[in-house]
Each structure stands twice: as C-alpha cells, then as structure tokens.
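Engineer: What follows is a predicted structure for the sequence shown.
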Amino acid sequence: MRTAVYPGSFDPVTYGHLDVIKRSAAIFDKLIVAVSINAQKKPMFTLEERVEFIKEEVKGYNNVEVHLLDGLLVEYAKKGNASVIIKGLRAVSDFEYEFQMAQMNKKICPDIETLFMMTGQEYSYLSSSIVKEVARFGGKIDSLVPERVAKAVIEKVNLK
Ligand code: PNS
C-alpha cells in the first residue's frame, strides 16, 4: 500500500490545498494530511481548528486522513509508513524554500521521497497569507476558501 503525507501549516486551508489533496488522493492508496507548526509563521488559527476545517472538506474521500503533526515531518512519515512527502509548488518563488526542506528531509531520512505537485493554474496566485491579507482589508474571499473557513477568517479579522 502506497501512503503519502501532505504536510503544511494550512492556516487556513485554501482551494489550492484542496486541489492538491484531491489529485494526490487519486494517485496514492492513502493520503495523510499533516497539519503542522511552521516555526517561521505566526498562525491565525490553532492546529486543532485547522485540522477541523480540512476534515470537513475531505469527508467524501475514504483514503484521506487529517492529523496534527507535532515534531519532525520525516519521523512522522516513517511512523505512518509513508514513503512519499507531497508538496504543492506554485511558482519559481516557492522553489528555493521547498528545495531546502526537501534536501534536509532527504538528508535526515534518505528512504522518503519528496514529490512536488504543480498547483492548478487557477490557484497559482493563492496562498493562506494572501487570503488573510485580502480579508483584513475587507476584500471578498469566498472564491478562495470554503464557506466555513471564509466565515472564520472574517470573524478573526473583525475581532482585531
Ligand atoms: O505550509 P508551510 O508553512 O509551507 O509548511 C511547512 C511545513 C509545516 C511542512 C514545515 O515547516 C515542516 O515540515 N514542519 C515540521 C517540522 C520539520 O520537520 N521541520 C524540518 C523541515 S526540513
């Protein structure tokens, strides 16, 4: 059985992430979406909230699990018997950062491969950060994230 892990901070999940989940779930027997801390980012949502948002959206898939990842990604992948890490790649600007992480993960655990999936063309501009930025300035985000997520983002920005 081929298992892949799709890690990220997903703060919050966007239609771009969901597109990668859908396409990866069609390739692998099992896909584990691992919601993780990115030490370089200050999140808007708790890990638990982010997990719940994604769980709600993947209810229709029987081979997708969503979990919280607290620790090293490659150790987590090994424990879950996953041999592949999936990362979404939008533009050249993503490459340097992703390349560094993929090389480090390979150094720590040579048996696990990182595969890059190009995000759908219609999502190449989309990121969680840009969604939060648009919402902060009162822009519409309902075509960028699921309805529940959009409501939660707007609530958060209005609290500030
Ligand atoms: O969506 P992001 O913020 O680009 O995802 C980055 C993430 C969460 C995949 C990365 O920070 C990560 O792998 N965190 C887990 C801890 C870890 O293994 N760090 C070493 C990576 S080389």
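Structural biologist: Right, received. Where do you want to start?
Engineer: Quick one: list the elements packing against the one helix or strand residue 23 maps to.
Structural biologist: Here residue 23, judged by DSSP states H and E, is contained in helix 15-27. Applying 3 or more Cβ pairs under 8 Å, 6 or more residues apart in numbering; DSSP states H and E, we find helix 15-27 packed against strand 3-8, strand 30-36, helix 47-57, strand 84-89, strand 113-118. Just so you know, the C-beta spots here come from the backbone N, C-alpha and C atoms, and that holds for glycine as well.
Engineer: Now with 7 Å, please.
Structural biologist: Counting contacts by 3 or more Cβ pairs under 7 Å, 6 or more residues apart in numbering; DSSP states H and E, helix 15-27 is packed against strand 3-8, strand 30-36, strand 84-89, strand 113-118.
Engineer: for residue 158, helix, strand, or coil?
Structural biologist: The assignment at residue 158 comes out as helix when based on DSSP: H, G, I helix; E, B strand; the rest coil.
Engineer: cool, and residue 105?
Structural biologist: Residue 105 is classified as helix under three-state DSSP.
Engineer: any chance of the helices and strands packed on helix 15-27 in a markdown table, plus mean pLDDT?
Structural biologist: Formatted as a markdown table, those follow (pLDDT from 0 to 100):
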| stretch | mean pLDDT |
| --- | --- |
| strand 3-8 | 98 |
| strand 30-36 | 98 |
| strand 84-89 | 97 |
| strand 113-118 | 96 |
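Engineer: which residues sit in contact with the residue nearest to residue 123 when sequence neighbours are not counted?
Structural biologist: The spatially closest residue to residue 123, leaving aside those adjacent along the chain, is residue 16, at 3.5 Å (Cβ to Cβ, 6 or more residues apart in numbering). With Cβ atoms under 7 Å, 6 or more residues apart in numbering as the criterion, the residues that contact residue 16 are 88, 119, 123, 126.
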